[in-house]
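K.L.:
Next come a sequence and a model predicted from it.
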Amino acid sequence: MSRKAKKVENQQMEVSKSTGAVMTAFFGVLSLAFLFPIFLVLVNSFKSKLYISDAPFQFPKVGTYVGLTNYFEGVRKTGFFPAFGRSLFITVCSVAVIVLFTSMTAWYITRVKSKFNSILYYVFVFAMIVPFQMVMFTMSKTANDLYLNSMYGLVLLYLGFGAGQAVFLFCGFVKAIPLEIEEAAMIDGCSPIQTYFNVVFPMLRPTAVTVAILNAMWIWNDYLLPSLILPQEKGTIPMVIQNLKGGYGSIDMGAMMAMLVLAIVPIIIFYLSCQKYIIKGVAAGAVKG
């Protein structure tokens, strides 16, 4: 390599390092900006409710620090643990049926070529862009008429609203799976169901985890759909936290901050434990066929 070419290469490497340092600093500051509200909620959960509104950015100190009082008071007022159980049941069951049924649907749509399946695929894609507010009133009326106003009915509704994105991601990944693998399984005597569960579904794991994470975060934190379907006494965590708002605009800010901390801890743990699959699954689901 000539001296001039080496010089150009060194300059390009320096520019690349400088650009990388700037981008790292930028995204570091951006991350802090996103994490700051969570930190603020955590700090205020240990302060007396009388001081949260007056000095929200101050650390707890003598006279404002109340320890775990807000947590005990919030649990008592909201019935947090029964609501936690309901939220956990709805989230786990909804994510399970979404992953199972949409992956099977995507496999069928991708492998069985027909005009009906092509139309069905675009119906699922179209469902991704329909705002929930457009259908929520007719949906809640239909849910009441069909006796779906329960935790079990809510699981079916989440399946319907989560199917569009999930089918889209799974279809992209299935297109990248060589058809010869499935043909070899069938030659060995596997039925279509056996081929799916023994061959196809294990290969869909990165996308399945991605779909599970995205839907788990949405369902766990969702307030609007459960509030339209479930009775108030059988509410999820977001619903019972909302009950801390009293009459004439009064809010127990200390208890609310404490309950928000308890609400976000499980989903953060779930996300951190599975985050390595997100980029891999989204990239795999974006494959064009």
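P.N.:
Sure thing, it's come through.
K.L.:
and the residue most central in space within the chain, what does it touch?
P.N.:
Nearest to the geometric centre of the chain sits Met217, at 2.5 Å (CA atoms, centre = their mean). Met217 is in contact with Ile267, Tyr271, counting by CB atoms under 8 Å, 6 or more residues apart in numbering. (Glycine included, C-beta is placed from N, CA and C.)
K.L.:
For it, I want the exact helix or strand it lies within.
P.N.:
Assessed by DSSP states H and E, Met217 sits inside helix 205-221.
K.L.:
quick one: that helix to chain centroid distance?
P.N.:
Average the C-alpha atoms of helix 205-221, do the same for its chain, and the two points are 5 Å apart (CA atoms, centre = their mean, to the nearest Å).
K.L.:
quick one: average pLDDT of the next helix or strand after that helix?
P.N.:
Elements were assigned by DSSP H and E; along the chain past helix 205-221, the next helix or strand is helix 224-229. Regarding helix 224-229, the rounded mean pLDDT is 90.
K.L.:
what packs against helix 224-229?
P.N.:
Applying 3 or more CB pairs under 8 Å, 6 or more residues apart in numbering; DSSP states H and E, one finds that helix 224-229 contacts helix 132-145, helix 151-175, helix 237-242.
K.L.:
what sits up against it?
P.N.:
Here helix 224-229 makes contact (CB under 8 Å, 6+ apart) with 90, 132, 136, 139-140, 143, 148-150, 153-154, 157-158, 161, 235-236, 238-239, 242.
K.L.:
Drop anything exposed from the residues you listed.
P.N.:
In the contacts of helix 224-229, burial by neighbour count holds for 90, 139-140, 143, 148-149, 153-154, 157-158, 161, 235-236, 238-239, counting by 16 or more other CB atoms under 10 Å.
K.L.:
ok so, going back, what's the angle from the helix holding Met217 to helix 151-175?
P.N.:
Helix 205-221 runs at 150 degrees relative to helix 151-175, counting by axes from the mean of the first three to the mean of the last three CA atoms, to 10 degrees.
K.L.:
List the buried residues of helix 205-221.
P.N.:
By neighbour count with 16+ other CB under 10 Å, helix 205-221 contains the buried residues 206-216, 218-220.
K.L.:
Gly235 contacts Pro82, doesn't it?
P.N.:
No. The pair Gly235 / Pro82 is not scored as a contact, 9.4 Å apart, by CB atoms under 8 Å.
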